[in-house]
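Asks: Here's my sequence, what's the structure:
(chains A, B, C and D)
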Amino acid sequence: MGNQKIYKSFDEAVMDIRSHSSVMIGGFGGSGGQPTRLMLALSKRDIKGLTIIGNVAGISETTGYGWPKNSKPIDQGIFFKKGIANKIICSFPVPASQNPKSHIEKFWLENKDSVEIVPQGTLIEKIRSAGAGIPAFYTSTGVGTIIEKQKEIKFFGKKKYLLEHALSADFALIRANVADENGNLQFLGTSRAFSPAMATASKITIVEVDEIVKVGDLDPNNIHTLGVHINRIVKRRKNDMYP
Amino acid sequence: MGNQKIYKSFDEAVMDIRSHSSVMIGGFGGSGGQPTRLMLALSKRDIKGLTIIGNVAGISETTGYGWPKNSKPIDQGIFFKKGIANKIICSFPVPASQNPKSHIEKFWLENKDSVEIVPQGTLIEKIRSAGAGIPAFYTSTGVGTIIEKQKEIKFFGKKKYLLEHALSADFALIRANVADENGNLQFLGTSRAFSPAMATASKITIVEVDEIVKVGDLDPNNIHTLGVHINRIVKRRKNDMYP
Amino acid sequence: MKFHLDPAPRLNKNQIAKIATKFLKNNSLINLGIGIPSLCAQFIKDPTILLHAENGVYGFNKFASEENINTDIMDAGGNFLDMNKNMVFFDSVESFNLIRGGHIDTTILGAFQVSKSGDIANWIIPKRGIGSIGGAMDLCANTKEIIVTMEHTTKKNESKIVDKCVFPLTAVSCVNKIITDVGIFELDNNSLLLKECAPGWDPITIQKITDVTIEYDEKIIFMDIDDV
Amino acid sequence: MKFHLDPAPRLNKNQIAKIATKFLKNNSLINLGIGIPSLCAQFIKDPTILLHAENGVYGFNKFASEENINTDIMDAGGNFLDMNKNMVFFDSVESFNLIRGGHIDTTILGAFQVSKSGDIANWIIPKRGIGSIGGAMDLCANTKEIIVTMEHTTKKNESKIVDKCVFPLTAVSCVNKIITDVGIFELDNNSLLLKECAPGWDPITIQKITDVTIEYDEKIIFMDIDDV
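Replies: Here you go, the predicted model:
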């Protein structure tokens, strides 16, 4: 494959993300799995109306969630602060303590339809389903709650389940520890989270990595995301200001 | 955890599998991922009426499928030869060339309901669903074919899909390369196949391995099957007659 | 929290957490919510009990000290963890297969309200804003056993055990046990059974601050001050 | 296979396989069925084309010699493979996510019958026994492009391209291209378009052994004997 997937800069890698695209943001929330540099590059684009899909959505900047002390947390709120997104699909958009308000909460106060909350397990399975060619599945999560509203219901045995639909996106921005030139990825620790599923569920997946190695350097038994799902790879510089 | 999951013999590990149990057999078909010694131990039990669930079901003995030349292939047909099974759910029960007839085919000639053929991707997803708490999912596989019979149909957009239900079992017999004492497993190459999903979908999962290591000896980022799914571990002797 | 009717001090958060851990079984996989439940970890001494976090890890047992942080090793609450040899990592798909698939034995979590039928409300107080579901709905709908740890009353002295939850639900008919700062309760067949009273408390004083009728029998336990 | 009406020898299996490979695109993920399709591997020289097998591997390119067998490295046909650096392994769940999720660009497979509407029958001849589906239904229902390679007629000289399949179907309306031992066909909008004729063959002689009306235009290609 050579290195045709390798991009030189974060800016170049997100250059074709247009207004009104849907963009998945990998990781779980917090600094570890977050594609911080790709997010910063995207946040500088002169576009609007993005739909953001991510798990813990915008609480790090206000609470420090998942960031080391004395760091400067950045989260998905950056797209709302910059005015380039108008919708987010996530599971955890507000901190347990509500002050100060995050950029996403401020936006939500004026645009109540801008935040769609999905139970976390349903959100990841919706994304996984999109990548796996499954248009919909049943789950008992959310039965008897507000999540049940306007959902199709079905009983299996005596138990009640909700029909949940696949969720895909135009782009996924993810972070991994290492990529080979074919795009095969390995993650470290809890930084894997939503990223492998998102890579399968989006038309274009862009990954920022700490290291790029030759094809054949990774153990073929331990590839966390298959290279066929990865379109672009950008290497992070050592020792920049974000963890 | 210590080593309470480690069993000394294959016979002991399968001792409580009773008549009319459902038993998943891991791997894909062929010698690599097949739990051959657990199968041999089970085949000696004085029980009857097992339901076997496995992918390529019984073609190795007659065709040598997936076994080295000059070896003595054993496959899931052994349970029918010994008369302890009366049902198999699988995707590939007969070889492309039909002679000589396998034990499963011979049994089928007298018991036409004894073989249930499921498309391979649907079979693995049914098993995965059972382990993942999803009672049913939709797939386009099998639309317009005999598989569609008596299935619920649903359109998503203009495309037609079939509803497929989760498939669980009482026991799973699988083979892995290495286990730690907590039951965390790693597989090699294409021997992984159906085994990780089966381990999540059965009440009791029993694994035969080439090697048992201490907890902490496996890379925590590269565990293929989580130890919580594994109940019993038996180590294979080096250099016995089966690959 | 102490009110003029209280016959004795209520248990503190650490005491509630410690009590909850005594109900955990050998060889079980446990999920701890944020708040009081997260305090349980320090009291779990059985090495066969594995702690699970939604973000893709189980087997952890303590937070990392500030000088020893690895941003790739975190729990679902955003706390960085120390490594130990029982820990394994996986992605969110597998993490929620564990939850949705019923592989978690016990979830301990907090609540705004619990009803006598076992409904739980713990994700949103509507007047406060958007709310956050996270993994709570998955955990409550699919875990074999749910233990709620919470203060018995709100800051306004309102009962958090109620006939019917007012706040939007997290899941229905799922709570098995409630451990509050005044007692241990079991929910069974639409009944609230008081099993143990905090030191200095008794069924009558507990009933006074509880909106649901309490049932109990002669086997009821009065905790000793030395046990908590 | 040669019949008295044949104007020239039919292509052999290797020739059919070689022709099929010329339709494969750069950077594509390909699944090859058993029989003629498996012969394609040897003709693929583009290193960006990755071969996928249902049992959990892609990137392989050749069978292992008998003295170099590793039973943990096999294709879906039960053939042992040599390692190369492009290969990666995964389980059956992920393997079929690739298939069902539409991540396979092209599947090349054999067939008993193909209809002009693109239906394919390739998993059972009922009078012969149980039949085996394997991954064929998943591949046919979900791959972006399906190329069938097969002999044009049965041993009894019956057309395998038919108005309507008689054998039980593998999938409906999915075949894009058919490569037989006499020509290359495209299926489009319920029409059978003849694009290329094998050396010595022409539309009229091909029509004689085909049960479906063949369409073709002035751009039709007559293969040169040196090209196959």
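Asks: where does chain A come near chain D, residue by residue?
Replies: Within chain A, the positions adjacent to chain D are A:1, A:128, A:130-134, A:182, A:184, A:200, A:215-216, A:220-221, A:223, A:226-229 by C-beta under 8 Å from any C-beta of the partner chain. Any C-beta I mention is one placed from the backbone N, CA and C, and that applies to glycine too.
Asks: from these, which are also near chain C?
Replies: Checking the residues of chain A next to chain D against chain C (C-beta under 8 Å from any C-beta), the matches are residue A:128.
Asks: Which of the residues of chain A next to chain D are buried? Put it as a ChimeraX command.
Replies: For the buried members of the residues of chain A next to chain D, the matching ChimeraX selection, counting by 16 or more other C-beta atoms under 10 Å in any protein chain shown, is:
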select /A:1,128,130,131,132,133,134,182,184,200,215,220,221,223,226,227,228,229
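Asks: Mind telling me what element whatever residue of chain C ends up closest to chain D is part of?
Replies: Proximity of chain C to chain D (C-beta to the nearest C-beta) peaks at residue C:93, 9.6 Å away. Using DSSP states H and E, residue C:93 maps to helix C:92-100.
Asks: Equivalent analysis for residue C:7, please.
Replies: Going by DSSP H and E, residue C:7 is not in any helix or strand.
Asks: Indicate the residue of chain C located nearest to chain B.
Replies: For chain C, the residue closest to chain B is residue C:85, as judged by C-beta to the nearest C-beta, at 2.9 Å.
Asks: For the residue nearest to that residue when sequence neighbours are not counted, what are phi and psi?
Replies: What sits nearest to residue C:85 in space, not counting adjacent residues and going by C-beta to C-beta, 6 or more residues apart in numbering or on different chains, is residue B:216, at 2.9 Å. The phi/psi pair for residue B:216 (degrees, to the nearest 10) reads phi 100, psi -10.
Asks: wait, residue B:216 sits on residue B:181?
Replies: No: contact criterion C-beta atoms under 8 Å: residue B:216 and residue B:181 do not qualify, at 9.4 Å.
Asks: Ramachandran angles for the residue sitting furthest away from the middle of chain C?
Replies: Residue farthest from the centre of chain C, counting by C-alpha atoms, centre = their mean, is residue C:67 at 30.1 Å. Note on residue C:67: its backbone torsions stand at phi -80, psi 0 [degrees, to the nearest 10].
Asks: Once you drop chain neighbours, what's closest to residue A:241?
Replies: Once flanking residues are discounted, residue A:241 sits nearest to residue A:72: 7.3 Å by C-beta to C-beta, 6+ apart.
Asks: what's around the one you found, how many residues?
Replies: Number of residues near residue A:72 (other C-beta atoms under 10 Å in any protein chain shown) recorded here: 10.
Asks: which SS state does it fall under?
Replies: Under DSSP: H, G, I helix; E, B strand; the rest coil, residue A:72 falls in the coil class.
Asks: Quick check: it vs residue A:193, distance?
Replies: Distance, residue A:72 to residue A:193, by C-beta to C-beta, to the nearest Å: 22 Å.
Asks: what does residue A:30 give?
Replies: From residue A:30 over to residue A:193 the distance is 9 Å, taken as C-beta to C-beta.
Asks: where does the chain dip in pLDDT?
Replies: In the absence of a named chain, chain A is used. Applying pLDDT under 70 to chain A flags residues A:1-2, A:97-98.
Asks: Actually, chain C is the one I wanted.
Replies: C:1-4.
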